[in-house]
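Undergrad: requesting a structural model of the entry that follows:
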Amino acid sequence: MVDHPDGTLMDALVRKGVTRRDFLKFCSVMAGTLALPASMVPKVAHALETATRPPLVWLEFQDCAGCTESLLRANQPTVAELVLDVLSLNYHETIMAPSGAQAEKSLEDTVNAGGYLTVVEGSIPTGENGIYCCIGGRTAVDILQEVASNTAAIIAVGACATYGGWPSTPPNPTEAKGVHEIVSGVPIVSMSGCPYNVDNLTATVVHYLTFNKLPDMDDLGRPLFAYGRRIHDNCERRGHFDAGEFVREWGDEGHRNGWCLYQMGCKGPITFHNCPTIRWNQGTNWPVGGGHGCIGCSQPNFWENPAYETTGIFEVTPPQTFPPTEEGGISPAGAGAIGAAAGVAAGVAGAVAVRQITKESE
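TA: Numbers count the residues shown, from 1 in each chain. Next up, the predicted model:
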């Protein structure tokens, strides 16, 4: 990745040919993604105009590189790619130009300087002293602990880095673990998903540059703006759930008409993520929109949940509006509203849907 001359983030964007109009549009999108009011757009714009380029270290361990692929496809809008590009990405073994001793020297210099952000992709094997993943003759555990010792914050991306992912599924021969199980005493943001959505990483970086702190998080360490609402409550097929209209076989009339996929194993009712709103591939679509149920990839141990079996629904919550916000992001009252929404009793429409779920398919 080509490095940019020192300067502010806005200087780098201008050199890239970004117009003021595009820049403000990006700031508005980021404010919306972060559940901030429109009044916060000028603050976001000012922060990005004056922010210096924070150093970034990207560590990749037991993974399929899917999260790196998501990073490389940051293009919603185009400025998002540039925001990530103008970060001083000092180390990313998959996409950096140097290799071998030169690459490790770049990592060493960054760690010694301190104050950098760290992104971790992939689980960390701990079995047999960590020998199942070694880079430059060092184990993943050793590298992670060294980098964590002088970092400003860690962002764990993808199911593997957050929960251990598929490497940690039984019998877990490498004793793979997520970042939280290895590192303590350092601010950690979890961006679960398989892969995570790069737009959420962009928004987290924007929040960090704007407010000089990480976003508010849930009890799993996930940013509330991205994981504070149930997929089921934002799904475009929710109306069919409430009406008791379900796909019962792939390709049947309900499937062709876009009915609810719950009986085909959709995990939307137990999964918290903003997939329905930000979507994928420049906001083009997402799995449920393409006719496949949610597999719950942002939830812990999702690999152990059968993809095509239904899960229990204990409450059916109505769609909620965005929580209230304040200067620093989502307000405590807003966070409380998000938590309270999970305990709302089923309404009349939801009760009808639950009754319909129990009916046998014709």
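
Undergrad: show me the strands in this protein, by range?
TA: Counting by DSSP state E, one finds strands in the chain at the ranges 55-60, 88-92, 116-121, 124-125, 134-135, 138-139, 151-157, 176-177, 188-191, 325-326, 329-330.

Undergrad: which helices and strands does the first one pack with?
TA: Yep, that's strand 55-60 we're talking about. On a contact count with 3 or more Cβ pairs under 8 Å, 6 or more residues apart in numbering; DSSP states H and E, strand 55-60 meets strand 88-92, helix 100-113, strand 116-121, helix 140-148. C-beta: built from backbone N, CA, C; applies to glycine.

Undergrad: what's the third one packed up against?
TA: Think strand 116-121. Packing partners of strand 116-121 (3+ Cβ pairs under 8 Å, 6+ apart): strand 55-60, helix 140-148, strand 151-157, helix 158-163, helix 198-211.

Undergrad: do the shortest one as well
TA: Counting by 3+ Cβ pairs under 8 Å, 6+ apart, the packing neighbours recorded for strand 88-92 are strand 55-60, helix 100-113.

Undergrad: could I get those as JSON lines with mean pLDDT and distance to residue 234?
TA: Shown next, in JSON lines, are the helices and strands packed on strand 88-92 (pLDDT from 0 to 100; distance: least, Cβ to Cβ, whole Å):
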{"stretch": "strand 55-60", "mean pLDDT": "92", "distance to residue 234": "30"}
{"stretch": "helix 100-113", "mean pLDDT": "89", "distance to residue 234": "39"}
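
Undergrad: out of those, which is closest to residue 302?
TA: strand 55-60 (20.8 Å; Cβ to Cβ).

Undergrad: can you count the residues close to the closest residue to residue 24 other than its chain neighbours?
TA: Nearest non-adjacent residue to residue 24, counting by Cβ to Cβ, 6 or more residues apart in numbering: residue 45, 6.1 Å away. Neighbourhood size, residue 45 [other Cβ atoms under 10 Å]: 20.

Undergrad: which residues does residue 45 contact?
TA: Residues in contact with residue 45 (Cβ atoms under 8 Å, 6 or more residues apart in numbering) are 23-24, 27.

Undergrad: again, but for residue 136
TA: 100, 103-104.

Undergrad: ok, now with 7 Å
TA: Contacts for residue 136 (Cβ atoms under 7 Å, 6 or more residues apart in numbering) come out as residue 104.

Undergrad: same deal with the one 4 residues further on?
TA: Under the criterion of Cβ under 7 Å, 6+ apart, the neighbours of residue 140 are 61, 124-125, 130, 133.

Undergrad: then residue 60?
TA: Going by Cβ under 7 Å, 6+ apart, residue 60 touches 68, 93-94, 121-122.

Undergrad: which of these are buried, as a ChimeraX select command?
TA: Those of the contacts of residue 60 that count as buried under 16 or more other Cβ atoms under 10 Å are selected in ChimeraX with:
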select :68,93,121,122
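
Undergrad: which one of the contacts of residue 60 is nearest residue 160?
TA: Relative to residue 160, the closest of the contacts of residue 60 is residue 122; by Cβ to Cβ it sits at 4.9 Å.

Undergrad: measure the closest one to residue 308 for me?
TA: Per Cβ to Cβ, to the nearest Å, residue 122 is found 27 Å from residue 308.

Undergrad: before we move on, what about residue 100?
TA: Per Cβ to Cβ, residue 100 is found 45 Å from residue 308.

Undergrad: who has more neighbours out of these two?
TA: Each of residue 100 and residue 308 has its neighbours counted (other Cβ under 10 Å); residue 308 has more, 11 against 8.

Undergrad: surely the more buried one and residue 263 touch.
TA: No: the pair residue 308 and residue 263 fails to qualify as a contact (Cβ atoms under 7 Å) at a distance of 9.7 Å.

Undergrad: quick revisit: quick one: closest of the strands of the chain to residue 163.
TA: Minimum separation from residue 163 across the strands of the chain (Cβ to Cβ) falls at strand 188-191, 8.2 Å.
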